[in-house]
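> Build the 3D model from these lines:
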Amino acid sequence: MLHPVEALWCHASGALDLDAKLQAQLVELAGDLLPAAYGDLRQRGIVPALEGDALRFRARDSGAAVRLHVVSSDAPASLALLAEGDWLALVDKAGEVIYYAAAPPDWGELPTGKLPEALAAAGLKVASGMKFGTRYRVYRTDEVHATWLLHLLRDSETWLDIVRAVRVAHGVRKSLVASDGTRCLALEWVKP
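Numbering: from 1, shown residues only. Here you go, the predicted model:
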């Protein structure tokens, strides 16, 4: 038996002919987001496995197993669903998909405490990140230019806000690290 997402993909690719009523029922079961990401991966030649609200596949470059979470770009930004090594697929209203890999920043072991004090206690330099549209710049002690931009997530932010922050960081050759006050994850734009 085909999963609703796979059936929708087969219909979209012409391999399966679904009447309008069945197609509508499958869309209701699958939702809007998962089929968009699934279809995008299939167009790239990747056949993902479905795992609840996530997809699994092998990354082309590294061959690593990837768990991909699919979220609306308009959804509240939250690090809660991401684990180290997970990827995030953001889907906008037009069905366009963009991918990010999540990894812990290369800061070493941080002492417990609030940011940015914990960073300073770990021997990292912290400065204002305002000129880059984020809260802080974070440097290794021997660096002239910051390696990271630290963005503290607010309740009102969506993933689209994070897309902007990642683009700015990428444009100035820095990594964006998002923090929810408990966890910090570096988010990097990737191609599957």
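> Apart from its neighbours in sequence, what residue is nearest residue 11?
Among residues not flanking residue 11 along the chain, residue 18 sits closest, at 4.6 Å (CB to CB, 6 or more residues apart in numbering). The C-beta positions use only the backbone N, C-alpha and C, and glycine is treated the same way.
> Phi and psi next, for that neighbour.
Here is the backbone geometry of residue 18 (degrees, to the nearest 10): phi -110, psi 140.
> in terms of contact, does it touch residue 9 like I think?
No: counting by CB atoms under 8 Å, residue 18 does not reach residue 9; the two are 11.1 Å apart.
> between the two, who's got more neighbours?
Taking other CB atoms under 10 Å, residue 18 and residue 9 do not tie; residue 9 has more neighbours (21 against 15).
> Quick one: residues contacting that one.
By CB atoms under 8 Å, 6 or more residues apart in numbering, the contact set of residue 9 is 35, 38, 39, 42.
> What of residue 173?
residue 145 are the contacts of residue 173 under CB under 8 Å, 6+ apart.
> List the contacts of the longest helix seen in the chain.
Criterion DSSP state H: the longest helix present in the chain is helix 159-171. For helix 159-171, the external contacting residues (CB under 8 Å, 6+ apart) are 71-77, 88, 90, 92, 98, 100, 132-134, 149, 151, 153, 175-176, 178, 187-189.
> Residue 155: neighbouring residues, count only.
Using other CB under 10 Å, residue 155 has 8 other residues around it.
> Quick one: residues contacting the residue nearest to residue 112 when sequence neighbours are not counted.
Excluding its sequence neighbours, the residue lying closest to residue 112 (CB to CB, 6+ apart) is residue 118, at 7.0 Å. Counting by CB under 8 Å, 6+ apart, residue 118 touches 110, 111, 112.
> Next up, identify which helix or strand the last one is on.
When secondary structure is defined by DSSP states H and E, residue 112 falls outside every helix and strand.
> circling back: okay, the contacts of residue 118 in CSV with distance to residue 25 and pLDDT next?
Formatted as CSV, those follow (distance: CB to CB, whole Å; pLDDT from 0 to 100):
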residue, distance to residue 25, pLDDT
110, 49, 81
111, 54, 82
112, 50, 82
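> Let's have the residues you listed in CSV, adding neighbour count.
Formatted as CSV, these follow (neighbours: other CB atoms under 10 Å):
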residue, neighbour count
110, 15
111, 10
112, 6
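> returning to what we had before: which among the contacts of residue 9 gets closest to residue 50?
residue 38 (7.6 Å; CB to CB).
> Distance check, the closest one against residue 89.
Distance of residue 38 to residue 89, computed by CB to CB, to the nearest Å: 9 Å.
> Return every residue with contacts to both of those two.
With CB under 8 Å, 6+ apart, residue 38 and residue 89 have common neighbours residue 55.
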